[in-house]
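J.: sequence and predicted structure below; questions after.
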Amino acid sequence: MTKKQLGNIVYAISFIVLALYLAYTKGWIANDFDSVSPEQAYTLLENEDNVTLLDVRTPEEFGQNHIQGAILIPVQVLGENLDKLQNVKSTKIIVYCHSGNRSVAASRILAKNGFIPLNLKGGITQWQADGFSVVR
């Protein structure tokens, strides 16, 4: 095997690993939770009583804007604050962040601990782009 062939193999493997990592962090593969569009989330919030809204951004981001009725628990401290959600453990929890990356990580934490997370696709950015209101 030549150096060029070996280099091509390493490049291909690196590309595959990077693609799998991206797909994992976006929640496209290996997840045990569902994702919902802003419209689906809005419909759930309007029509179902047992739905909780969880913002996993920073307190600073939450202070700038958030979806009405959201509970704030930043993803960085979610694991040690699951007790704050025990009373809604058997309900659906719509999880959102700015663009949808941190909410995927938070949804994984919740699912691993027996909760029923629904990741909001595109986060609060997509929520607003689709015309839904936020509290400022």
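T.: Received it, and whenever you're ready, just let me know what you need.
J.: what strand or helix carries the residue nearest the centre of the chain?
T.: The residue lying closest to the centre of the chain (CA atoms, centre = their mean) is Ser103, at 2.0 Å. Take DSSP states H and E as the rule and Ser103 turns out to sit in helix 101-112.
J.: for the very next helix or strand once past that helix, which helices and strands make contact with it?
T.: Where DSSP H and E defines the elements, the next helix or strand beyond helix 101-112 is strand 116-120. Judged by 3 or more CB pairs under 8 Å, 6 or more residues apart in numbering; DSSP states H and E, strand 116-120 is in contact with strand 34-36, helix 38-47, strand 92-96, helix 101-112. (C-beta placed from N, C-alpha, C; glycine too.)
J.: now strand 116-120: average pLDDT?
T.: Averaged over strand 116-120, pLDDT sits at 98.
J.: direction included, what does it pair up with?
T.: Paired neighbours of strand 116-120 in the sheet (DSSP bridges): strand 34-36 (parallel), strand 92-96 (parallel).
J.: send over that strand as PDB, restricted to the C-alpha atoms.
T.: Provided in PDB are the C-alpha atoms of strand 116-120 (Å, rounded to 0.1, in the frame of the first residue of the first chain):
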ATOM      1  CA  ILE A 116     -40.000  11.800  28.100                       C
ATOM      2  CA  PRO A 117     -38.200  14.500  26.200                       C
ATOM      3  CA  LEU A 118     -39.200  16.100  22.900                       C
ATOM      4  CA  ASN A 119     -36.400  18.000  21.300                       C
ATOM      5  CA  LEU A 120     -37.600  21.300  19.700                       C
END
